[in-house]
Every structure is written in structure tokens, then in C-alpha cells.
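Student: Next come a sequence and a model predicted from it.
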Amino acid sequence: MNLRTIGVIIRREYLNKVKKKSFLITTLVVPILIAGLTVGAMYVMMTTKDKAKTIAVVDGSGIVAPYLQDTETIQYRFVTDTPVDSIKTRLEALGYDGVLSVSALNGETKDFTADIFSQKPFGMEVTDDISDKLDKALEDYRISTYDIEGLDRILKEVKADVSLKAYTVAADGEEKLSEAGVYSIVSMLLGIFIFLFITLFGGMVMSAVIEEKSSRVVEVLVSSVKATELMFGKIIGVALVALTQFLLWIILSGAIIGVAGKAIGGGLLAGTDPEQIAAMAQQMGGSEIDGMNLEAPSDLEVVMSSLRNMNVGQIIGLFLLFFIFGYLLYASLYAAIGSAVENEGDTQQLQMPLTIPLMLGYIIALYAFRAPDSSLAIFGSLFPFTSPIVMIARLPFGVPGWQIWLSIGLLVLTFAGCAWLSAKIYKVGILMFGKKSTWKDLWKWLRQS
Amino acid sequence: MAIIECREVCKNFGEKVALDHVSLQIPEGQIFGLLGPNGAGKTTLIRIINRITIPNGGEVLFQGRPITQRDVEKIGYMPEERGLYRKMKVGDQAMYLAQLKGMSAGDARAALKDWFIRFGIQSWWDKKVEELSKGMAQKLQFITTVVHRPSLMILDEPFSGFDPVNADVIRKEILRLKEEGATIILSTHNMESVEELCDNIALINKSRLVITGGVEDIRRKHGNNNVEVVYTDGDGRHTEVVQNTPGLLQSYLEKGLQINSYRELMPRMNDIFIKLVTEAK
């Protein structure tokens, strides 16, 4: 191996890719997308939907009025002098978003029916809210008809609502509030990202190999450098492109989320008094209005606590490590496949044996975030062709150190073996022209060199 | 002295034999023609000399010792199937290929500037390769083959794709490089340029070496030893083709004829090529 020439190859591969417009575009678009989604979610969470809906109520039962109190999202107007039918045809003119019609109480069944009419459909949030309130009105009415003293209080006491708090206990006995849901989401995201990156950058190596072969420049190149040097220069060059892109993505996403988050947060704070913020925070926390479990930690608190519990540094470090070796393993195989074809369209069939384990890894990863310690997940996280994806998906749940190191060891060994085989195929393949190659040809080349 | 010596070089791809015990010497400082029909094994031999392909048997000596990877820096190779990165700028491309041949960036830039000026193509430096015409790309390819001042140049069909004017430019450059001491292996089907340029040749057919040696010797050997004599007698000028024998001219003079010219009649390389290749069938 001639390090100087490999350096020249890496440099060209890197600069060539990084200077491309497509690199600039993906580098800019992805963080904007990520940041957009994050900020958008924040925005939706922090702002009240749209302006409050005004709903006319024609109450035939005479019992619902006390329950339909105005809220931030719905305002009720009780109408007594106009029949429903004439309101529902003139909603807009009357300034209503909808009209709720409650039938008269049926004394026997202690029941009523309710209909709501609107021009634009209401969201679930509105209909569920009204439905809940009508239920409550009817329940209270029914309770009152039993005429048992204190029944109201008794029922309230009977009603149970246990909030299960999940803690993870560290070896030192420190208890941390955790939430399986948060781990699952982080795990799923990591799995998806590593799967996408390996496919994306592995494919990039394959395209680069095909480009050199189809433009025939490869024969000139291998008359100057060894085929193996060319292959590894290319793989390393693309790896550096990937790392550059990661770095830019992390920096840009962080910057955009930071700036936009501050702008949105600041804007909201400016127009709201502290009490409202507190109320909003409580709402976001999902605490029950009846105040029965106010001590329960809010969802936000659990999310933050769970995120803090994960060793972010370790996860990022291992993500990079597994990405690099997973990429190297697959990129060397992609290079071998690229060497066998002259145009990208012919890769479909040859790519199958690479796509299948990658997909399998992805599927096991999806399973792993539900059962991170199942034997399938453990197998998947050790088997080198799926381990980068599955192991990274298991990481947020905590994986014993020996499994991580065993997995990395197996991955590195498999990479070395596959790189050796790929180089043999590559050497012969890049100079084979004219015929569409199959796996059988690749096998032949392997034995030939 | 031979810059390249092949000793019993063999290469097979699976069952197929591409080269069968080929031994030949390529003398330093000369132009060597590598001839043979398509599929004879020329490209395989060239790739073995370039160390692109490793032979199954035999050995290749470069300047008297077994060839190593470092020696390829002293070789320049222009394959028959030309190839450049289409999306790369001309200058970057030439710099890259020169650096792969071991030149420093500074040396490469200076040498390339000289060549671009010599060919009058300075304005191409920032163009993309895909913007060049076929002939222009050929010129660039030639430059990238010779820019690192190789002591051995292997040119596979160097004139194909050039118009007569540019083909002549390349022909002159090849002769100039030879004058400067370089050795050139010319693989071509163009027998005229073999006669014109080559000092020695090797003919390969069906994986085997058929003949190797000096062009003149080979032509003479395959001739019928005929000479063309132009003489003048009382009736005027006559041209006669006769078998060359010792004392032939003497016999003319003794008859009192005036000899205007006398030349050996040698067969064309083209005919020798066809004869040797079809004989083998």
C-alpha cells in the first residue's frame, strides 16, 4: 500500500463529492427539515390551536348548561328562542361555528340524545370535549335521581386512578425516573438513521465505482495505483464525506432549533402572563383537571429526565463507531458489486444479497425497541451484517458492555474478511466489460485472483 | 539494453489461455510495435507490463530486474478505450492523474502548463471534460500519459480518433519523445505507422508470440529477395524486377547499361501481418 497515492485518491474523492451541488443541498435541507419538524412540534405544543369556536346550544334537557362552561377553545351561547333547524341553516350569518342540539330528557331511560351541526367539521378534540361534558351532566343527573345521600362523594372516593411511575435503578442505587416510550422513540430514530446512512453512503461508493468503470478511466487509474489502493481510497474518501455531513447536520440543526426555538418561545412569552404559562405547562403535562394526581410528574418532565438518563456522549460515540464499521463493511461489498456492472441500472439483482440483511437489521431493530433484551434482538445486535442497526437501536435501553465489545469485535473482523474478498472481486471486475455480470461471475473472479 | 524483458510469460483466465509462454525484449530508446489481431492477447500483455494484471507464470524484468509497483511511475499508459472523469475539470483531472504517477502538485502543475501551451490548449484548464470533443479529449489523454516523463510509454492505438492534422501532431510528439530517450510501445493495427515509426516489432497471435525482431529484418526475411533496377539503354529507361544475387549490378554494368536506381523490394508489413496470421489458422 502506497499511502501517498491513497492520500491523493481520498482527497479527490472527498473534494469531488463535497464540492457537488447535491452535497450542499442535502447538507442544508436535512437540518432544515429536522429543525422544521422539531420547531413545528414545539410550536404546535406551545400555541393554542386556532381562535375559540363559538357554539350555539339549544338545550331541550335543561340540565347541561352548568357543565358547558366556556373554555379557551370553545365558547357556548345558549339559545332558547330559535329552533335548531333555523340556526343550522344560518350558522355563518349568526356568527356561530356550530350548533349543539340536546333533546329533551327521557324520564324513563334517564337519557337524552345530542347532535352537533357545523359547516366545517370539528376536530376530535372539540367533539370529545363536549361529549365528555354531556356524559358528566347525565351521570350527575342520574346520581341525583337515586336520592341517596352522599352518593356523589362516595363515587368520587371509589374512583381510582393510579399513576405508575417507572424508575431505573443504577448500581449505586440512584433512582431515575424513566419512560419506556422515550427510549423507544430515540431507539427507533437511531436505528432508522444508521440504516439510512449505511445505505446512502454505501450506495455512494458503488456509484463512484460504476462511474470510473463506465467512463473507462479505471484502466488508466490502475496503471498508476493498485486496484486495492483505489478501492480503499474511495471508501475512505466517502467516509470522510459522511462524517463532514454529520458534523454539519448536527451543528446546523442545533443552530436552527436554538434560534427558532428562542424566537417562538420569546414571542409567546411576550404576549402571555406568567399564570397562563403555568396553566399551559400544566396542560401540556396532561395533569387531570380534577386535581387527583397533581403530584404525578408531567410528561415533559419524564421526557427530559429520560433523555438525561441516557448517556448521550456514549450513544453518539457508539453511533459513530457502529456507523463507521457498518459503513466500511457494506461499502466494501457495494464496491465489489459496483465493479461488476457498467451502469447503475444493472445493480438491482446484484444488490439483493446486501439489501436483504440491511432490511432484516432494520426489521429486528423495530422489534428491538419493543423487546430490547429478547434473544432475537441480542442475536441481531451481534450478527455483523445487522449489528450496526440493531445494536444502536438497543443502546438507549442499556446494553451490557461485553455485548457491545463482542459486537464491535465481530463487526471489525467481518469487515476485514469482506474487504479482502471484495478487493479480489473488484480487481478483476473493474476490467471486465461488455457482459452483464451475475453472482456466478463474481464467484469466478474471486477464485481467479 | 532492454527496458522490458518478458520471460515465458503465461496468463490464463480460468480455462481460457490469454498468453502462452511469451518471451520478448523491448530495447531501450526505440519504438516497439506490438501487433496482433483482436483478441490475440496484446492487451493482456500490456496490462501485465503495467502490473495491472499479475501473470500466472514467467516474469517481467524492468531495466534488468524484476518489475515492482514503484516502476509503474516510470511507465505511461494510454489504453485503447480512452477514459477520463466526465464531470471533472480538465486541469483538476490532469493534476490528479499526474499526482497518481508520483509527481508533486507543484511539478505536475508546471509540467502540465508546458504541455498545454505546447498544444495550444491553455484555455481548456477550467472546462469540464464532458465539454470537450472526442479529439480534444484524446489530446488531454495523451498529455496525461506523458506528463510525468515516463521512460516507457505504452500507447494503444494512439492515432485512432484523431483527424490527420492532430494525428500528425501526435506522431511528431512520439518521435520527439523518442529523441529525448524514451522507449515507446505502440500497439496498433495501422501498419503504415508501424513501418514509419517502429524500429522493432512483436506479433502475437492466438496467445503466442509469432515473430519478434527489427522491422527491416523481418520485412527482408519475408521478401523474395527481389530488387528493382531502373536502367537506361539505347531505347530509353527500363524498370526490371529481378532476384537479388551477388554481383547483380556488376552484370548490368558489364552489359554497358546505365543504372539509374536500385532498391530492395520489401513486402509491406500489412502483407506480412496477413500472411503470418492466416498461416496460423
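Tutor: Structure received. Numbering: from 1, shown residues only, chains lettered A, B, ... in the order given.

Student: For chain A, what is the nearest residue in chain B?
Tutor: residue B:83 (2.9 Å; CB to the nearest CB). C-beta coordinates here come from the backbone N, C-alpha and C atoms, glycine included.

Student: Show me the contact partners of the host helix or strand of residue A:388.
Tutor: According to DSSP states H and E, residue A:388 maps onto helix A:387-394. Residues from elsewhere that reach helix A:387-394 (CB atoms under 8 Å, 6 or more residues apart in numbering or on different chains): A:187-188, A:190-191, A:194-195, A:198, A:318-319, A:322-323, A:325-327, A:329, A:358, A:361-362, A:364-366, A:368-369, A:372, A:377, A:380-383, A:399, A:403-404, A:407, A:410-411.

Student: what about the residue of chain B closest to chain A, which SS state?
Tutor: On the three-state scheme (DSSP: H, G, I helix; E, B strand; the rest coil), residue B:83 is labelled coil.

Student: show me the contacts for the residue of the stretch 201-350 of chain A at minimum distance from chain B.
Tutor: Taking CB to the nearest CB as the measure, the stretch 201-350 of chain A has residue A:216 as its residue closest to chain B, at 2.9 Å. Contact analysis of residue A:216 by CB under 8 Å, 6+ apart lists B:79, B:81-83.

Student: give me that answer again for 7 Å
Tutor: Residues in contact with residue A:216, defined by CB atoms under 7 Å, 6 or more residues apart in numbering or on different chains, are B:81-83.

Student: got a pLDDT number for residue A:383?
Tutor: Looking at residue A:383, its pLDDT is 95.

Student: Check the gap between it and residue A:357 for me.
Tutor: Counting by CB to CB, to the nearest Å, the gap from residue A:383 to residue A:357 is 8 Å.

Student: More neighbours: which of the two?
Tutor: residue A:383 (19 against 16; other CB atoms under 10 Å in any protein chain shown).

Student: Backbone dihedrals for the more buried one, both of them.
Tutor: Phi and psi for residue A:383, reported as degrees, to the nearest 10, are phi -70, psi 120.

Student: what do you get for residue B:242?
Tutor: Torsion angles, degrees, to the nearest 10, at residue B:242: phi -140, psi 160.

Student: ok, what's across the strand from it?
Tutor: Taking DSSP bridges as the rule, residue B:242 bridges to residue B:227.

Student: tell me the mean pLDDT over the following helix or strand past the helix holding residue A:388?
Tutor: Per DSSP H and E, the first helix or strand lying C-terminal to helix A:387-394 is helix A:401-429. Across helix A:401-429, the average pLDDT comes to 93.

Student: mind listing what's buried in the following helix or strand past helix A:401-429?
Tutor: Counting by DSSP H and E, the next helix or strand C-terminal to helix A:401-429 is helix A:439-448. Applying a neighbour-count criterion of 16 or more other CB atoms under 10 Å in any protein chain shown, the buried positions in helix A:439-448 are A:441-442, A:444-446.

Student: Now do helix A:439-448: everything it contacts.
Tutor: So helix A:439-448 is contacted by A:336, A:340, A:350, A:421, A:424-425, A:428-429, B:13-14 (CB under 7 Å, 6+ apart).

Student: repeat that with 8 Å
Tutor: A:336-337, A:340, A:350, A:353, A:421, A:424-425, A:427-429, A:432, A:435, B:13-14.

Student: so which pair among these is furthest apart in space?
Tutor: Maximum pairwise distance in the contacts of helix A:439-448, criterion CB to CB, is 24.4 Å, between A:353 and B:13.

Student: Give me the more crowded residue out of the two.
Tutor: Between residue A:353 and residue B:13, residue B:13 has the larger neighbour count (other CB under 10 Å), namely 15 against 12.

Student: ok, the more buried one - contacts?
Tutor: residue A:448.

Student: Pairing partners for it in the sheet, please.
Tutor: Residue B:13 forms beta bridges with residue B:16, as assigned by DSSP bridges.

Student: quick revisit: just send the contacts of residue A:216 back as a markdown table, with pLDDT and neighbour count too.
Tutor: As requested, those are exported to a markdown table (pLDDT from 0 to 100; neighbours: other CB atoms under 10 Å in any protein chain shown):
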| residue | pLDDT | neighbour count |
| --- | --- | --- |
| B:81 | 84 | 14 |
| B:82 | 84 | 21 |
| B:83 | 87 | 19 |
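
Student: Only whichever of the contacts of helix A:439-448 are buried, select them in PyMOL.
Tutor: Filtering the contacts of helix A:439-448 down to the buried ones (16+ other CB under 10 Å) takes a single PyMOL command:
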select buried, chain A and resi 336+337+340+350+424+425+427+428+429+432
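
Student: Closest to the mean position in chain A, which residue would that be?
Tutor: residue A:189 (4.7 Å; CA atoms, centre = their mean).

Student: Confirm that residue sits in a helix?
Tutor: Yes - Residue A:189: assigned to a helix according to three-state DSSP.

Student: Quick check: it vs chain B, distance?
Tutor: From residue A:189 across to chain B, the span is 34 Å (CB to the nearest CB, to the nearest Å).

Student: For residue B:261, state which of the contacts of helix A:439-448 is nearest.
Tutor: With CB to CB as the yardstick, the closest approach to residue B:261 among the contacts of helix A:439-448 comes from residue B:13, at 52.5 Å.

Student: Tell me the pLDDT of the residue of the stretch 201-350 of chain A closest to chain B.
Tutor: Reported pLDDT for residue A:216: 89.

Student: Run a quick check on the residue of chain B closest to chain A versus residue A:223, I expect a contact.
Tutor: No - counting by CB atoms under 8 Å, residue B:83 stays clear of residue A:223, with 11.1 Å between them.

Student: pull the longest helix from the chain.
Tutor: In the absence of a named chain, chain A is used. helix A:227-270 (DSSP state H).

Student: please go with chain B instead
Tutor: The longest helix of chain B (DSSP H) is helix B:164-179.
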